[in-house]
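J.: 3D model of this:
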Amino acid sequence: MNVRIPRDENTRIEDSHDIARIMRKILLRQNKLHRKKEYFWTIGLSTKNDIEYIELLTIGILNQNNIDPVEVFNFAVAKKCKRIIICHNHPSGDVKPSESDKRITQKIKKGAEVLNIELLDHLIICDSKDFYSLAAHGLI
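T.: Here you go, the predicted structure:
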């Protein structure tokens with residue numbers, strides 16, 4: 001499902017803080033009950049770091065989300081997007097990545113390399129202003 005960017009946001013991305021802020025606003029559009037589930041998005045960027053699309057891939061359960069790496073690249077390939085960021089939320093409020101988060105990131109990274117798409121980051125967000133950038137921690 002294609003997601004609308006908040007009106008008060010610029011589509012040019014400077015760093016992971018910009019994406020985390022935008023994605024938190026998108027998450028907060030959901031009511032509190034729905035925010036207790038994990039959402040997983042792919043954000044496609046142009047070569048100048050303008051947002052081309054934000055796609056909601058899955059809505060999981062309380063602490064789990066099943067992601068098929070093929071789905072991550074569906075829009076990127078269709079739109080000939082050469083850069084992506086993946087993002088999901090942790091309803092618990094703890095933004096530290098699980099081992100499962102690290103494994104799916106590596107699978108997606110391998111797929112990106114095959115498709116000649118640059119995986120810039122995997123962000124984990126929550127309701128608060130906290131977020132975790134796997135790229136900033138050397139995990140991408």
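J.: who's in contact with F73?
T.: Contacts were defined as C-beta atoms under 8 Å, 6 or more residues apart in numbering; by that measure F73 touches 84, 111-112, 115, 117. C-beta: built from backbone N, CA, C; applies to glycine.
J.: Just the buried residues of the residues you listed.
T.: Under a neighbour-count criterion of 16 or more other C-beta atoms under 10 Å, the subset of these counted as buried comprises 84, 112, 117.
J.: Just those: which are in helices?
T.: Cross-referencing these against helices under DSSP state H gives A112.
J.: Closest to L123 out of the buried ones among the contacts of F73?
T.: In terms of C-beta to C-beta, no member of the buried ones among the contacts of F73 lies closer to L123 than I84, at 11.7 Å.
J.: Enumerate every residue touching that closest one.
T.: Applying C-beta under 8 Å, 6+ apart, the residues near I84 are 42-45, 72-73, 76, 112, 117-120.
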